[in-house]
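K.L.:
Here you go, sequence then predicted model.
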Amino acid sequence: MWVKGFNVGGLMGFNVGDLMGFNSNLHTLIRDNTFNINCTLIGDNTFNINCTLIGDNTFNINCTLIGDNTFNINCTLIGDNTFNINCTLIGDNTFNINCTLIGDNTFNINCTLIGDNTFNINCTLIGDNTFNINCTLIGDNTFNINCTLIGDNTFNINCTLIGDNTFNINCTLIRDNTFNINCTLIGDNTFNINCTLIGDNTFNINCTLIGDNTFNINCTLIGDNTFNINCTLIGDNTFNINCTLIGDNTFNINWIFAKNRLPFNENFARVESVLSDKSVQY
């Protein structure tokens, strides 16, 4: 196991050149600390981070994983912390994040996945947090997000998928959250969204699908939610929507189609026969 060029600064205050491996103990940062990690993992390495940030801390990770590595992060952020991840995964790597954000935290991920990588995020956001993901997936990657947002959180995803990638989102939004997705799919990708919105949430999707992609949405909206879709489909794409709206929700769809075999499959029939207070526009 080899880790090259690993640096840790800030609270711990030490630098290491070459390591045979890295397993962090539980790091606790309390008020106004900075923790920096710069690392390169080449072939069959495991990197584990367990951390708690309490009040006005910054945690930065810059990493490159090349071939059959595993990177695990378990973290809790409480009150006005910033967590930044910049990473590149090349070939058969796994990156796992399990995190809880409580009150006024920011979590930023910028990542590039090239060929047969898996990226997993399990997160809970409670009250006035922001979670940003900017990612590019090139060829046979899987990106999974499981998240729960409770009260006044914002979740933003900007992604580009090029060739045979899978992107899965499972999310629950409870009261006054905003979820934004901006995505471009180019050639033989699959994008799946399963979501439940409960009370005064907004879900926005802006997407462009170019050639042989599949986009699936399964959603339940309960009480005063807004769901907006703006999408362009160019050439042999499939877009499926199955949704249930209960009580004072709005669902808006704006489409542009160009040479699609199965451009749009929707299932609103049962909703329309039961509910009279929803709005569906397409």
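P.N.:
Happy to help now that I have it. The shown structure was predicted, so the numbers you read here are calculated from the model rather than taken from an experiment.
K.L.:
where do the strands sit along the stretch 51-200 of the chain?
P.N.:
58-66, 70-78, 82-90, 94-102, 106-114, 118-126, 130-138, 142-150, 154-162, 166-174, 178-186, 190-198 (DSSP state E, counting those that start in this stretch).
K.L.:
separation between Phe143 and Cys123?
P.N.:
Going from Phe143 to Cys123 by Cβ to Cβ, to the nearest Å gives 14 Å. Yep, even glycine has a C-beta here, placed from its N, CA and C like the rest.
K.L.:
swap in Asp140?
P.N.:
For Asp140, the distance to Cys123 - Cβ to Cβ - is 25 Å.
K.L.:
Name the residue in these two with the higher neighbour count.
P.N.:
Cys123 (21 against 17; other Cβ atoms under 10 Å).
K.L.:
which ones are touching that one?
P.N.:
Ile97, Asn98, Cys99, Thr100, Leu101, Phe107, Phe131, Ile145, Asn146, Cys147, Thr148 (Cβ atoms under 8 Å, 6 or more residues apart in numbering).
K.L.:
Most neighbours among the residues you listed, please name it.
P.N.:
For the contacts of Cys123, the largest neighbour count, defined by other Cβ under 10 Å, is 27 neighbours, found at Leu101.
K.L.:
quick one on the thing from earlier: now flag whichever of the contacts of Cys123 is closest to Gly163.
P.N.:
Each of those was scored against Gly163 by Cβ to Cβ, and Ile145 proved nearest at 20.4 Å.
K.L.:
Surely that closest one and Asn168 touch.
P.N.:
Yes. Ile145 lies in contact with Asn168 (Cβ atoms under 8 Å); the separation is 6.9 Å.
K.L.:
shared neighbours, these two?
P.N.:
Between them, Ile145 and Asn168 share no contacting residue, judged by Cβ under 8 Å, 6+ apart.
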